[in-house]
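Colleague: Structure for this input, please:
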Amino acid sequence: MLEGLPPHRPSHVLRLLTDERSARAMTDLLGEMFDPTETAVAAFEDADGRTWLLEAYFADAPDEAYVRSLIRPVIGAAADTAEFRTIEQQDWVRTSLEGLKPVRAGRFVIHGSHDRDAVRSNDLPIEIEAALAFGTGHHGTTLGCLRALVAALKRRRPAHVLDVGTGTGILAFAAAKALRQPVVAGDLDPEAVRTARENARANGLGPYLKLYQGAGVRHRLADRSRHFDLVFANILARPLRLLAPTLSRVVAPEGVLVLSGLIERDVPGVLSAYRLQGFALVSRGVIEGWVALVLMRGGAARRPRR
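Modeller: As a prediction, this is how the structure comes out:
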């Protein structure tokens with residue numbers, strides 16, 4: 001499980017071995033106490049099935065005493081065993097690359113330059129390096145959206161696609177590769193937009209990407225009423241709830257809305273926000289605890305005629 005987005009240039013990391021209950025509690029606590037754009041907190045089950053590793057990445061040097069004081073009520077004296085380390089940027093990128101293996105979803109394959117040999121003749125390859133923007137295809141949220149895209153393409157060919165919170169651009173690239181038509185993609189973060197633009201050029205998709213910087217759909221490229229018949233929003237639960245009215249407005253009458261960046265406890269609140277906008281759940285997928293929701297206006301929840 002993870003709270004927040006990986007910082008663009010993480011400089012410090014906190015690591016601590018603990019039990020599952022404490023790991024989840026501290027993930028929630030630190031995720032609430034720190035800016036999610038500057039801090040990412042993750043908890044992973046160890047190979048022994050009993051121990052959990054808590055990791056918190058910080059864009060700037062944290063106040064170690066303050067962090068220990070936050071987690072001490074959860075784990076007591078074990079807070080003093082928490083390890084803080086400085087990360088060198090070069091080491092971060094190299095370590096990320098070493099752990100990245102090709103990811104497949106239908107014909108889409110997401111890979112780094114070190115795995116070009118893994119691409120097959122009928123694949124739709126997307127080459128993404130470990131980057132400073134969120135998204136390499138290996139996270140459960142991105143993979144869940146890719147699988148939703150594969151399913152959507154089997155049902156119909158969308159004419160207008162929007163990717164809100166594009167990060168490195170993977171979802172927009174996948175849609176553009178499959179459809180060979182322009183895709184609109186935006187992000188609040190200028191670093192993400194720059195990274196997505198560079199990745200688009202590297203994948204030969206520059207002419208197909210209409211990129212913008214802005215919050216949600218606050219840009220002339222995205223703010224088009226009932227225009228997009230496939231919309232992705234792979235962000236986090238709170239912004240998804242807040243964006244419900246504006247995101248819903250740009251979805252075409254028979255359009256599909258794919259939401260991710262959620263864990264199970266987030267789903268009821270997000271679904272409630274979009275049901276108020278006239279959407280119903282069509283399907284949901286779960287990968288490594290991360291949920292992707294596929295919604296449509298009326299969707300599967302239409303009441304039978306009497």
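
Colleague: Hmm, residue 126 and residue 203 touching each other?
Modeller: Yes. The criterion here is CB atoms under 8 Å, and residue 203 meets it with residue 126 at 5.9 Å. The C-beta positions use only the backbone N, C-alpha and C, and glycine is treated the same way.

Colleague: Give me the contact list for the lengthiest helix in the chain.
Modeller: Scanning the chain for the longest helix, with DSSP state H as the assignment, gives helix 140-155. Applying CB atoms under 8 Å, 6 or more residues apart in numbering, the set of residues contacting helix 140-155 from outside is 103, 105-108, 110, 135-137, 158, 167, 170-171, 174-175, 178, 230, 232, 234, 256, 258, 260-262, 283, 285-292, 294.

Colleague: Then stretch 289-301?
Modeller: 1, 139-141, 144-145, 147-148, 151-152, 251, 253-264, 266-267, 270-271, 274-275, 278-286.

Colleague: now, which of those lie within helices?
Modeller: Those of these lying in helices (DSSP H): 140-141, 144-145, 147-148, 151-152, 267, 270-271, 274-275.

Colleague: I'd like to know how far residue 227 sits from residue 104.
Modeller: From residue 227 across to residue 104, the span is 31 Å (CB to CB, to the nearest Å).

Colleague: whoops, I mixed them up, residue 24
Modeller: 30 Å.

Colleague: and stretch 272-284, which residues are buried?
Modeller: The neighbour-count check on stretch 272-284 (16 or more other CB atoms under 10 Å) flags 273, 274, 277, 279, 281, 282, 284 as buried.

Colleague: do the same with stretch 215-228
Modeller: Buried, per 16+ other CB under 10 Å, within stretch 215-228: 216, 217, 219, 222, 224, 227, 228.

Colleague: For the fourth one, list the residues it contacts.
Modeller: For residue 222, the contacting residues are 162, 164, 184, 186, 212, 214, 216, 250, by CB under 8 Å, 6+ apart.

Colleague: ends of stretch 152-161, how far apart?
Modeller: 12 Å (CA to CA, to the nearest Å).

Colleague: average pLDDT across that stretch?
Modeller: The average of the pLDDT scores along stretch 152-161 is 95.

Colleague: Show me which residues of that stretch are buried.
Modeller: For stretch 152-161, using 16+ other CB under 10 Å, the buried residues are 152, 153, 158, 160, 161.

Colleague: Give the closest residue to the fourth one in space, chain neighbours not counted.
Modeller: To tie it back to what came earlier, the one meant is residue 160. residue 228 (4.7 Å; CB to CB, 6 or more residues apart in numbering).

Colleague: Remind me what the helix or strand harbouring residue 186 packs against, helices and strands.
Modeller: When elements are assigned from DSSP states H and E, residue 186 belongs to strand 183-187. Under the contact definition 3 or more CB pairs under 8 Å, 6 or more residues apart in numbering; DSSP states H and E, strand 183-187 sits against strand 161-164, helix 170-179, helix 190-202, strand 209-213.

Colleague: Many thanks, we can stop here.
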